[in-house]
Structures are given as structure tokens and as C-alpha cells.
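> The following block contains a protein sequence and its predicted model.
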Amino acid sequence: MPTTTPPPFTADDYRERMARAVRSAADAGLAGVLIAPGPDLVHLTGYRLPAETERLTLLVLAPGRDPVLVVPTLEAGDAARSIGAPALTLRDWTDGKDDPYAVAAPLLAAGGRYAVSDNTWALHLLGLTRACPEARYTALGDALPMLRAVKDARELERLAAAGAAADAAYEEVLRLRFAGRTERDVAHDLAALLRRFGHEQVDFTIVGSGPNGADPHHEAGERTIAEGDMVVMDFGGLKDGYGSDTTRTVHVGGPTPAEQHVHDVVREAQQAGVDAVRPGATCEDVDRAAREIIESAGYGDLFIHRTGHGIGVTTHEPPYIVAGERQPLVEGMCFSVEPGIYLPGRFGVRIEDIVAVTADGGRRLNTTDRALAVVE
């Protein structure tokens, strides 16, 4: 399949995302938003740097003022050259000369309440608290959980391309031999195929054969796959900065009636979850639709995780498709629908597609056959 690189996002794209964040903050009664290195910063500015940096880098978004990125002087050049830099004012600080928190403090309103990126280092939050003790802070995930949840058209194009690349990897791996090879061998094949079809980053390649398939997050190991095994494959990563994540369950040699029945139940549940996707439905409506199928078949206690998670610049992000999440679905949201049944000591089955909310329902971004494929 073609692996053409999409055009980069523009400064205007980032300005609109930051403006939307400011509007959301104001609607939530916040004085602003403070964004540390990580996925929120990538989404809002296009600036990607290691999240584990000990030097303060902080995007400050507040109503009535231009966005400001506080950045170490030694990294200011990279920030200025980043795609979103024209949408920002840079305020740099120098090692050994400036207190970075004193540089950031004048950007905060005394007494203001700010949402702070969930992955902000405690070191940095404590430094801000010392420099501006009158400000108050709350977790961004609590205050604005849907900040990155609604994707624009260009983001959806990238997510669709990532899904298509993961689908191509699945189609290719079906051609390979499973029996007599280890889970790690197949996981290695999946990772290589994801890269072949354009992924710059592989986040996970779960391969759970036989009883290992009953562990939803099993790490591919040295177990040799044998004739008669069910094999759960869950894999994904980032292509052009946006995530893929798909799961298919295959059988080596051909299933027993009992194995086929469990797979049929999961397939029906997954379809029911996708059918429940529409604007105005809630996240828990989708979870309930899938879960009811599995419960009615007598396997309710064996579906042990949420039905899905959002995806974007990371492979797991809000919204979460789980009981108790009453967030209404909005056109442009994108998330997985991935019910499963896990029989301890025997096998597991999971089927997963990424689904985008459209004006009249849900659009699958993974289109490979969801039937139980038989492999050698």
C-alpha cells in the first residue's frame, strides 16, 4: 500500500487548537491551561520533545492573551523551527542565570485556577507553586478530559491512514506460518510489517497463544504456538504522528465448535458496540451495547476490561468507553471498540476496530475481515 506522507499541520491549525483549549478552559471556569511536554503539547503546538526533560518547558494558554511557550534557551531554536512555532510567543530562560519558575510566574493570574497536563513532573508543579502560591492547580484530565478527543478532518485522515497501514500488516501476517514458531517471532513480524507500511513508532505487538490469550495484556513470550491454538494479536503504534490499534483473533488449524462459538459471541458484541456509535449517545451506551451481548451469552464475568479508549497522538487517550462514563459522543471523536472473552487456562478472543463518530453513526477505520481466520 502507498505510504505517502501527509502535508504538515500549519500554524493556523495549531492556533485554532489552542484557541479551542482556551475557550474550553473559560467555559470550565478556569483561568487557563498549563501544558507540559507530552501528547498535549504535540497536539496543541506540533512541538515534540522528550517528556522526561528536567528543564521546565511550559505552554501557558489563558483567555485574553497570546499563547506563550516558556522554554530553555538551549532548546529555543528547536522550538522556533517546530511546525507550530509561528503560532506562539517564546519566552526563554538560561541555565544558571534564570529561575524558570520566576520566568513563568508572571504569566499566571494570582488566585487563578489552572488545569495542568496530567504528565507534568511534580518537580515543575511544586516549582510553580513556590513561585506563584496564589494560583491553584487541577489535573487537566479531570478539568478538560475531552481536550484532544474531537479530531479535525486532517487528524481523521491520519488516523484512517494509520488504521489502513495496520490492516495491511494484518493481511500480510496471515500469510506467514504460526505453528512451530514462538509468540515473540510473530510479534517481531508484526512490528516489522507495521514499519514497512509506514509506522515510525511501534507501541505494542501483543501475541497471546492458547492459554496466554486469556491475559488481555500478555507480553509476547517464548511459548511455541501449536496446532489447535487460538491466537490473539493486538498491535499498533504511530504513523505520521497518529495512532493505530487493532485486534484480531486467529486459529491455528481450525477451531472447535466451542471456540467458534466464543468468537461468534465476541464478533456479535463488537458489531453491537459499533452500531451504538452515534452523536448524542454516551460512551457508556457503547460499552453497554457490547457488554449485553456477552452477558446474555453467559460470559459476562469473562469480559474484564472496558470496551474501548480514545486514540490520537497517543494510542490510549480519552474518551474511555466504559460503564459510568456519560460523556456524549460528538462527531470527530475516535476510539476503539474491543470487547473480549477470556477463559483462564484455555484461550481468549478479542476483536478491535478504531471507530470515528460521524454525523449519522460510526465509521470503522479498520476494515479487515472480523471472521475467525484459520492460519497454518
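Happy to help now that I have it. Numbering: from 1, shown residues only.
> Next one: residue 105 from residue 125, what distance?
Applying Cβ to Cβ, to the nearest Å, the value for residue 105 to residue 125 is 13 Å. All C-beta atoms are positioned from the backbone trio N, CA, C, and that covers glycine.
> more neighbours, these two?
Ranked by neighbour count (other Cβ atoms under 10 Å), residue 105 and residue 125 place residue 105 first, with 19 against 16.
> Then the more buried one would be within a helix, right?
Yes: judged by DSSP: H, G, I helix; E, B strand; the rest coil, residue 105 forms part of a helix.
> For residue 229, see how far away it is.
59 Å.
> Please apply the same query to residue 204.
According to Cβ to Cβ, residue 204 stands 20 Å off from residue 229.
> okay, those two: which has more neighbours?
Taking neighbours as other Cβ under 10 Å, residue 204 and residue 229 compare with residue 229 leading, 24 against 16.
> separation between the more buried one and residue 78?
From residue 229 to residue 78 the distance is 48 Å (Cβ to Cβ).
> swap in residue 100?
17 Å.
> before we move on, what about residue 237?
From residue 237 to residue 78 the distance is 24 Å (Cβ to Cβ).
> where in this protein is pLDDT low?
The chain contains residues with pLDDT under 70 at 1-3, 50-52, 83-85.
> If you count residues, where's the longest helix of it?
Identified as the longest helix of the chain according to DSSP state H is helix 153-173.
> host element of the residue of the chain most remote from its centre?
Distance from the centre of the chain peaks at residue 97, with 38.7 Å (Cα atoms, centre = their mean). Assigned by DSSP states H and E, residue 97 falls within no helix or strand.
> Quick check: phi and psi on it?
phi -120, psi -40 (degrees, to the nearest 10).
> Run a quick neighbour tally on the nearest residue to residue 297 once chain neighbours are set aside.
Leaving aside its sequence neighbours, residue 297 sits nearest to residue 265 (Cβ to Cβ, 6 or more residues apart in numbering; 4.5 Å). Look at residue 265: counted by other Cβ under 10 Å, it has 20 neighbours.
> Just read off the phi/psi values of residue 265.
Dihedral angles (degrees, to the nearest 10) for residue 265: phi -60, psi -50.
> And it, how close does it get to residue 277?
Distance from residue 265 to residue 277, by Cβ to Cβ: 20 Å.
> Over to residue 319?
Residue 319 sits 11 Å away from residue 277, going by Cβ to Cβ.
> what's the overlap in contacts for these two?
Contact criterion Cβ atoms under 8 Å, 6 or more residues apart in numbering; residues shared by residue 319 and residue 277: residue 329.
> pretty sure residue 239 is touching residue 158, no?
Yes: counting by Cβ atoms under 8 Å, residue 239 touches residue 158, with 7.3 Å between them.
> Run through the strands of the stretch 251-376 of the chain in chain order.
Secondary structure of the stretch 251-376 of the chain (DSSP state E, counting those that start in this stretch): strands at 308-310, 317-321, 334-337, 340-343, 347-350, 353-358, 361-364, 373-375.
> For those, give me CSV that also has distance to residue 33 and mean neighbour count.
Below are the strands of the stretch 251-376 of the chain laid out as CSV (distance: least, Cβ to Cβ, whole Å; neighbours: other Cβ atoms under 10 Å):
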stretch, distance to residue 33, mean neighbour count
strand 308-310, 18, 24
strand 317-321, 15, 24
strand 334-337, 22, 28
strand 340-343, 36, 23
strand 347-350, 35, 27
strand 353-358, 24, 24
strand 361-364, 30, 18
strand 373-375, 45, 16
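> Minimum distance to residue 82: which of those strands has it?
Judged by Cβ to Cβ, the one of the strands of the stretch 251-376 of the chain that comes nearest to residue 82 is strand 317-321, at 21.1 Å.
> Taking their axis directions, that closest one and strand 353-358 sit at what angle?
Per axes from the mean of the first three to the mean of the last three Cα atoms, to 10 degrees, the angle that strand 317-321 makes with strand 353-358 is 90 degrees.
> neighbouring strands for strand 317-321, and are they parallel or not?
strand 308-310 (antiparallel) (DSSP bridges).
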